[in-house]
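Q: 3D model of this:
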Amino acid sequence: MEARLMELRRAEEALAKGAAGEDTVAIAPRLHSKIVALGQTLPQIWADPQTSRERRKALLRCLIDKVILRRTARDQVFVRIVWRGGAASELSVAVPVNDVRALPRFKEMEARLIQLAQAGEHDEAIAQTLTAEGHRSPKCADKVLLSTVGGIRRRLKVKTTGHRIRWAKIEGYLTVTNVAERLNVSTNWVAGKIRRGAVIAMREASGRYLFPDTARTIEAFRKLRAREIRQVDFTRDEFKERGYHHG
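A: As a prediction, this is how the structure comes out:
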């Protein structure tokens, strides 16, 4: 990791000198090929569970010149990232707020929640629908939590059905619960592997993770549990297993 960071810093310096008009400094073909190869491995380095937070920070310091933040709304921040070499990326980032009523689409979400509850939908289904429609909880950037739905419903004294619904089965895929049952482990173990980056999986708008319903999927999880591999990526057509480094 340190060697790769040093190579990246040397490449930065060469590019910076070239951008400043110092024509006497050129990037040698061998260094250029290393830059290209390093660029292709950066996503793997970042996703590697063994890459510490400090190393990720060091990697970012090598790649980023400066970051500009501007608050555009109570729950939104505009971010401009200026990369080494002059390229820039701009994006809008959802940030936590203290109260659900601070969300700009709160009134819309509240009205939709009432409509769904009065139609007999349970909290799980309401949260799933609201997430799919682009709503979110105050402290969660990408989905509506079950606790948010329950809190709003109870505050408004809106009754709902007295039974929990079951998630709809998606043909050809397994859920976290399905995987846990087949491995005879807790759902927390599977969720923990996802949270720590050891398992990369497709995610529905509702927040549910899905895995291919194949024997190879279960075998990959068994290898992960036995520490024969350190990471498995299910988001590819041919999902990839990554082993441990030795030596």
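
Q: pLDDT below threshold where in this protein?
A: Counting by pLDDT under 70, the chain has low-confidence residues at 1-28, 31-32, 35, 161-168, 205-207, 237-247.

Q: Let me see the domain layout of it.
A: Split into domains by automatic domain parsing, the chain comes to 2-63, 100-156, 173-242.

Q: Could you check how far the longest one is from the centre of its chain?
A: In terms of C-alpha atoms, centre = their mean, to the nearest Å, the gap separating the centre of domain 173-242 from the centre of its chain is 15 Å.

Q: Start at 476, not 1
A: Right, with 476 as the first residue, what we last looked at is domain 648-717.

Q: which residues touch stretch 565-573?
A: Residues outside stretch 565-573 that contact it (C-beta atoms under 8 Å, 6 or more residues apart in numbering): 547, 549-556, 578, 611, 613-617. The way it works is simple: take the backbone N, C-alpha and C, and place the C-beta from them, glycine included.

Q: Output it as PDB - backbone C-alpha positions only.
A: The C-alpha coordinates for stretch 565-573 follow below in PDB (Å, rounded to 0.1, in the frame of the first residue of the first chain):
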ATOM      1  CA  GLU A 565     -19.600  18.300  -8.200                       C
ATOM      2  CA  LEU A 566     -22.300  16.600  -6.300                       C
ATOM      3  CA  SER A 567     -25.100  17.200  -3.800                       C
ATOM      4  CA  VAL A 568     -25.000  15.300  -0.600                       C
ATOM      5  CA  ALA A 569     -27.800  14.600   1.800                       C
ATOM      6  CA  VAL A 570     -26.800  15.300   5.400                       C
ATOM      7  CA  PRO A 571     -28.500  14.400   8.700                       C
ATOM      8  CA  VAL A 572     -31.000  16.700  10.300                       C
ATOM      9  CA  ASN A 573     -32.300  16.600  13.900                       C
END
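
Q: Which parts of it count as buried, going by neighbours?
A: For stretch 565-573, the neighbour count (16 or more other C-beta atoms under 10 Å) marks residue 572 as buried.

Q: Great, nothing more from me.
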